[in-house]
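Novice: the following comprises the amino acid sequence and a computationally predicted model.
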There are 2 protein chains.
Amino acid sequence: MPEPARKRRPYAPRVPMAERREQLLDAALTIIDRDGYDGVSIDAIAREAGVTRPVVYSAFDGLGPLLTTLLDRQQERALAQLFAALPLDAAGDDPVAVVERATPALHAMVLADPVTWRAILVSPVTVPDVVRDRIEGDRERVRAVIEQLVVGVLGESADAEVLAHGILALLDHFGRLVLADPGRFTAERLTGVIGSMTKAWFA
Amino acid sequence: MPEPARKRRPYAPRVPMAERREQLLDAALTIIDRDGYDGVSIDAIAREAGVTRPVVYSAFDGLGPLLTTLLDRQQERALAQLFAALPLDAAGDDPVAVVERATPALHAMVLADPVTWRAILVSPVTVPDVVRDRIEGDRERVRAVIEQLVVGVLGESADAEVLAHGILALLDHFGRLVLADPGRFTAERLTGVIGSMTKAWFA
DNA sequence: TCCATTTACTACAGGTGTGTAGCATTCTGG
DNA sequence: CCAGAATGCTACACACCTGTAGTAAATGGA
């Protein structure tokens, strides 16, 4: 029988830096989706990607920069999806109609890319600082957009800041419900509730 | 000059087990409040309490049981505070009046014991499993109570489950706002927004 | 006062993660 | 075909955490 000889690990496929970086970002996202932000480490990412840690260090300066880069990528995807689904140009329209169009659109958006949205919605506070600051910053930008919508519809009299916080909190939570149990929390139910709340407000 | 001689660590005050346990729970809560659930470990708790790890192990069987005990204690405090502030017996009353009494009460409750409430509100998902399951369980119980209130007020026709989710999400988020910036998000503003939402619904 | 009990500490063995230096392999262009 | 540049791996030095066995100090009652 031959020597045990399992001395050297088989070489991972050689890959140019740019591609390796993408692959590592994908690995990080997979871990976040499967194990939460707790599970993310240089070590875990290397294992997930089938390489050793120095490979990761040669592609990124550490966990913080890696996650920042990942967030850059996901941010672009998420905000594009979100602003496509939000009724940004509906200044004068009937609010009920607007809401009853936007709600199913948001529902579909979340289910169409659950990995992206889970990483954003199911992450609120106890995550690495880089990530938290980034997500909070984006959330604040979205909230400002909603606040403008509120002002546009209700005028200056309402407490638009607090209302926008409330609306975003509702959207967040309904998003989490959809991700957690899509069969239970359907577009119809959510649209029904949000629609009747809107009707109550304006009718 | 005397020998360096800093061989032995000064003894921590000797304390009976029951008291030590309380002290360790307080240390854990302090850490959670300051560093989040990520920072909690047997080691960190021992350091925070000014003792060594074996002391912690002699008081609890490990981190899980310690946190469970802490949750038992905090749960009692929190639910007592919450059900005192919630209008559980207001089945027939005017909803607007009920809400305008309950909102300032909840606001005061959160600010009166911010450490307890931060640990509950600012913790949603990425926390030790024992803690998450526990908090989620309690949240679900509270949500069920709210659902009953909704049914009592709106009847069976409404989608009480989803509405209760929405209401709890609003309460959660407004609680976080108050904890994050008490000067900005006052009882008056929150009561104003919640009151006008309620008025819109029922008027 | 002295000893048994209670309480606390030291020390060790083992696990996982970080970051880096130096070596091995593969690939590419002349 | 054969450098040298890319790319990947091994190995090491730390750091921090878990649990536990053995030892030292404080306390209280006989």
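Specialist: That came through, no problem.

Novice: pull up the residues of chain A that are close to DNA strand C.
Specialist: With Cβ under 7 Å from any atom of the strand as the criterion, chain A meets DNA strand C at residues A:8, A:11, A:14, A:41-44, A:53-54, A:57, A:62-63. No exception for glycine: its C-beta is placed from N, CA and C like everyone else's.

Novice: change it to 6 Å
Specialist: Within chain A, the positions near DNA strand C by Cβ under 6 Å from any atom of the strand are A:11, A:14, A:41-44, A:53-54, A:57, A:62-63.

Novice: filter those residues to the buried ones?
Specialist: Neighbour counting by 16 or more other Cβ atoms under 10 Å in any protein chain shown classes A:42, A:44, A:63 among the residues of chain A next to DNA strand C as buried.

Novice: include pLDDT and distance to residue A:23 when you put the residues you listed into a markdown table, please.
Specialist: Formatted as a markdown table, these follow (pLDDT from 0 to 100; distance: Cβ to Cβ, whole Å):
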| residue | pLDDT | distance to residue A:23 |
| --- | --- | --- |
| A:42 | 97 | 14 |
| A:44 | 97 | 14 |
| A:63 | 94 | 16 |
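
Novice: of the residues you listed, closest to DNA strand D?
Specialist: residue A:42 (11.1 Å; Cβ to the nearest atom of the strand).

Novice: where's that closest one relative to residue A:67, distance?
Specialist: Counting by Cβ to Cβ, to the nearest Å, the gap from residue A:42 to residue A:67 is 11 Å.

Novice: count of residues packed around the residue of chain A found nearest DNA strand D?
Specialist: Closest residue of chain A to DNA strand D, Cβ to the nearest atom of the strand: residue A:9 (2.9 Å). If you count neighbours by other Cβ atoms under 10 Å in any protein chain shown, residue A:9 ends up with 8.

Novice: which SS state does it fall under?
Specialist: At residue A:9 the chain is in coil, as set by DSSP: H, G, I helix; E, B strand; the rest coil.

Novice: where's the nearest residue to it once chain neighbours are set aside relative to residue A:43, distance?
Specialist: Nearest residue to residue A:9, sequence neighbours excluded (Cβ to Cβ, 6 or more residues apart in numbering or on different chains): residue A:52, at 7.6 Å. Distance check for residue A:52 against residue A:43: by Cβ to Cβ, it reads 10 Å.

Novice: wait, residue A:74 sits on residue A:120?
Specialist: Yes - in this structure, residue A:74 is within contact of residue A:120 by Cβ atoms under 8 Å, at 7.3 Å.

Novice: and the lowest-mean-pLDDT helix or strand in chain A, which residues are buried?
Specialist: In chain A, no helix or strand scores lower on mean pLDDT, DSSP states H and E than helix A:129-154, which sits at a mean of 84. Across helix A:129-154, burial judged by 16+ other Cβ under 10 Å covers A:130-132, A:134-135, A:138, A:142-143, A:146-147, A:149-151, A:153-154.

Novice: that helix: what's the following helix or strand?
Specialist: Downstream of helix A:129-154, the next assigned helix or strand under DSSP states H and E is helix A:160-180.

Novice: quick check: residues of chain A near chain B?
Specialist: A:36-38, A:122-127, A:158-159, A:162-163, A:165-166, A:169-170, A:172-174, A:177, A:185, A:189-190, A:192-193, A:196-197, A:200-201 (Cβ under 8 Å from any Cβ of the partner chain).

Novice: for the buried ones among those residues, write the corresponding PyMOL selection.
Specialist: Buried residues within the residues of chain A next to chain B, by 16+ other Cβ under 10 Å, are selected in PyMOL with:
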select buried, chain A and resi 36+37+38+122+123+124+125+126+127+158+159+162+163+165+166+169+170+172+173+174+177+185+189+190+192+193+196+197+201
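
Novice: next, count neighbours for residue A:72.
Specialist: 11.

Novice: what about it, distance to residue B:39?
Specialist: Distance of residue A:72 to residue B:39, computed by Cβ to Cβ: 27 Å.

Novice: thinking again about what came up before, among the buried ones among the residues of chain A next to DNA strand C, which ones are in helices?
Specialist: Within those, residues falling in helices by DSSP state H are A:42, A:44, A:63.

Novice: the last one contacts residue A:43, doesn't it?
Specialist: Put plainly, it is residue A:63. No - using Cβ under 8 Å as the test, residue A:63 is too far from residue A:43 to be in contact (9.8 Å).

Novice: so which bits of chain A are right by DNA strand D?
Specialist: A:8-9, A:11-12, A:14-17, A:20, A:51-52, A:54-55.

Novice: tell me how chain A divides into domains.
Specialist: In the assignment given by automatic domain parsing, the structural domains of chain A cover A:13-60, A:70-202.

Novice: including distance to residue B:28, could those go into CSV?
Specialist: Listed next are the domains of chain A as CSV, based on distance: least, Cβ to Cβ, whole Å:
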stretch, distance to residue B:28
domain A:13-60, 18
domain A:70-202, 15
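
Novice: give me the element residue A:105 is part of.
Specialist: helix A:95-112.

Novice: so what touches stretch A:182-201?
Specialist: By Cβ atoms under 8 Å, 6 or more residues apart in numbering or on different chains, the residues outside stretch A:182-201 that reach it are A:95-96, A:99-100, A:103-104, A:107-108, A:111, A:170, A:174, A:177-178, B:158-159, B:162-163, B:166, B:197, B:200-201.

Novice: oh, I was asking about stretch A:102-112
Specialist: Residues outside stretch A:102-112 that contact it (Cβ under 8 Å, 6+ apart) are A:81-82, A:84-87, A:117, A:121, A:171, A:175, A:178-179, A:182, A:186-187, A:190-191, A:194-195.

Novice: let's see which of these end up in helices.
Specialist: Using DSSP H, the contacts of stretch A:102-112 in helices are A:81-82, A:84-85, A:117, A:121, A:171, A:175, A:178-179, A:187, A:190-191, A:194-195.

Novice: taking those residues, please make a ChimeraX selection of just the buried ones.
Specialist: If you want just the buried ones from these in ChimeraX, going by 16+ other Cβ under 10 Å, the selection is:
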select /A:81,82,85,117,121,171,175,178,179,187,190,191,194
